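Asker: here is my input, please return the structure:
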Amino acid sequence: MNVDWPTVSSIATAAGTLVLAVATFASVRSASRAARVAERTLLAGLRPVLAPARREDPPQKVGFVDQRWMVVAGGEGAAEIGDGAIYLAIAVRNVGSGMAVLHGWDVHTERELSNVPHRSVDTFRRLTRDIYVPPGDVGFWQGAFRDAAEAVFFEVREAVTEPRRFTVDVLYGDHEGGQRAVTRFALTPHNDRWIAVVSRHWNVDRADPR
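Answerer: From the prediction side, this is the model:
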């Protein structure tokens, strides 16, 4: 029996190449999976999550550019009408593992249910200063309406004066500017105070977990 050694050699070479390619693909795929897991773990360590401050947390002293000051107790918000402006604030706690950097906000004066989506973050009002809330610590969100010609100015003033429940959507992210999220806070009037609760969280830069 004559063996065609060149053919056998070619087949063996091809088989070896195929095995090497499969092994390389499996190795690359495994390395990519490990890299994704490492990246997700790193991002989770930087991820902030805002919630109302606890009742036992210290009150937050909040100042505005026009020297207006408010003191907000843990678990509460504040809403005051001044001369030509409406001042809002919420005492918050960062229950996530990363620094929270607050970017912007939006207000809904109609009754917002948790399944009503937030508006585009491009329409949110930008904060005039950087507000940082360390992980596991307390801080505050603040906002003000100063243009009486805006329809929302009248709507918010009416909600505060009546008073009745309204919601604030707060946009924030990690200290590198990523992992943006929106948390919806509801402010409910009760015995001359505004009780703050969270009704919904949304992820902006990644898929929601629900």
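Asker: can you show me the helices along the protein?
Answerer: In the chain, the segments counted as helices under DSSP state H are 5-46, 151-161.
Asker: for the residue lying closest to residue 55 once chain neighbours are set aside, give me its contacts.
Answerer: Leaving aside its chain neighbours, residue 55 sits nearest to residue 75 (4.4 Å; criterion: Cβ to Cβ, 6 or more residues apart in numbering). Every C-beta, even on glycine, is put in place using the N, C-alpha and C of the backbone. The neighbourhood of residue 75, defined by Cβ atoms under 8 Å, 6 or more residues apart in numbering, consists of 52-55, 57, 91, 195-196.
Asker: tell me which two of the residues you listed sit farthest apart.
Answerer: Spatially, the most separated pair among the contacts of residue 75 is 57 and 195, at 14.3 Å (Cβ to Cβ).
Asker: low-confidence ranges, the protein, go.
Answerer: 1-9, 11-12, 14-16, 19, 21-23, 25-45, 112-114, 209-210 (pLDDT under 70).
Asker: now with 90, please.
Answerer: The chain contains residues with pLDDT under 90 at 1-46, 110-116, 129-130, 176-177, 199, 205-210.
Asker: look up how far residue 48 lies from the most centrally placed residue in it.
Answerer: In the chain, the residue lying closest to the centroid (Cα atoms, centre = their mean) is residue 181, at 2.3 Å. For residue 181, the distance to residue 48 equals 7 Å [Cβ to Cβ, to the nearest Å].
Asker: what of residue 127?
Answerer: 15 Å.
Asker: residue 176: neighbour count?
Answerer: 11 (other Cβ atoms under 10 Å).
Asker: equivalent analysis for residue 59, please.
Answerer: As a burial measure, residue 59 scores 15 neighbours (other Cβ under 10 Å).
Asker: repeat that for residue 95.
Answerer: Using other Cβ under 10 Å, residue 95 is surrounded by 14 other residues.
Asker: the residue nearest to the centre of the chain bridge partners, please.
Answerer: Under the criterion DSSP bridges, residue 181 forms beta bridges with residue 172, residue 203.
Asker: contact partners for it?
Answerer: Neighbouring residues of residue 181 by Cβ under 8 Å, 6+ apart: 48-50, 171-173, 201-204.
Asker: residue 161 - how many residues pack around it?
Answerer: 11.
Asker: touching, it and residue 81? I think so.
Answerer: Yes - applying Cβ atoms under 8 Å, one finds residue 161 in contact with residue 81, separated by 6.9 Å.
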